[in-house]
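S.K.: One predicted model, sequence on top.
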Amino acid sequence: MFAGLHLKMHPALAKWYDKRDSVIIEFCVADSKDVKVNFDKTKCAFSCLGGADNEKHENEIELFEAIDENESKHKRTDRSVLCYLRKAQPGKAWPRLTKDKTKLSWLKVDFNNWKDWEDDSEEEMGNFDQFSDMMNNMGGENDLPDLDGAEDDDSADSDDEKMPDLE
């Protein structure tokens with residue numbers, strides 16, 4: 001009765017964000033096994049077995065722009081598989097990950113890591129990347145120093161003045 005039945009493929013949930021020279025995709029599959037990631041000039045394919053029931057996950061993405069498949073790489077952790085896609089044209093923003101504007105139910109923007117870098121200078125981005133690397137090498141979130149820069153209460157803040165009424 002089940003002889004002709006084959007496993008249905010489930011796409012893995014994924015988050016992505018755009019950087020100046022790369023695009024980062026995180027496939028959110030815990031305890032992944034048999035991870036396969038293939039980079040092509042305009043495509044990224046991902047598959048694995050994951051979770052307690054060894055569910056088969058498979059994703060294929062037609063990319064918004066070309067990548068350098070030889071400089072792209074991935075890293076597996078216990079919680080996810082992180083893919084670093086090197087842009088063929090660094091400095092060109094990707095407004096979306098996919099070639100088509102179709103919304104994929106399994107793909108979300110990673111707003112925690114998203115940064116509007118287009119207006120930043122190269123030097124600022126270098127500092128941001130160093131900061132990012134430093135954060136990745138640090139311990140848990142509770143160890144973080146207060147980075148907000150405590151301001152003196154005496155300082156006048158330019159946004160404290162009264163706003164004009166809307167017409």
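M.R.: Cool, got the structure. Here the structure is a predicted model, which is why all the values come from computation and not from measurement.

S.K.: measure stretch 89-106 end to end?
M.R.: Stretch 89-106 has an end-to-end distance of 26 Å (Cα to Cα, to the nearest Å).

S.K.: Show me what counts as buried in that stretch.
M.R.: Neighbour counts over stretch 89-106 (16 or more other Cβ atoms under 10 Å) mark Trp94, Leu97 as buried. In short, each C-beta sits where N, CA and C put it, glycine included.

S.K.: Please tell me I have it right and Lys87 contacts Phe64.
M.R.: No - if you go by Cβ atoms under 8 Å, Lys87 and Phe64 don't touch, sitting 9.8 Å apart.

S.K.: what sits in contact with each of the two?
M.R.: Counting by Cβ atoms under 8 Å, 6 or more residues apart in numbering, the residues touching both Lys87 and Phe64 are Trp94.

S.K.: Quick one: low-confidence residue ranges for this structure.
M.R.: Residues of the chain meeting the criterion pLDDT under 70: 1-8, 118-161, 167.

S.K.: ok, which stretches of it are strands?
M.R.: With strands called from DSSP state E, the chain shows them at 14-18, 22-27, 33-39, 43-50, 55-62, 73-76, 81-86, 107-109.

S.K.: Can you list the strands that the shortest one pairs with?
M.R.: To tie it back to what came earlier, the one meant is strand 107-109. Here strand 107-109 has these sheet partners by DSSP bridges: strand 14-18 (parallel).

S.K.: any idea of the angle the strand it pairs with forms with strand 81-86?
M.R.: Here strand 14-18 runs at an angle of 30 degrees relative to strand 81-86 (axes from the mean of the first three to the mean of the last three Cα atoms, to 10 degrees).

S.K.: rewinding a little: so between Lys87 and Phe64, which is more surrounded?
M.R.: Ranked by neighbour count (other Cβ atoms under 10 Å), Lys87 and Phe64 place Lys87 first, with 23 against 20.

S.K.: so what's Ile46 closest to, chain neighbours aside?
M.R.: Rather than Ile, residue 46 is Phe. Once flanking residues are discounted, Phe46 sits nearest to Asn59: 4.5 Å by Cβ to Cβ, 6 or more residues apart in numbering.
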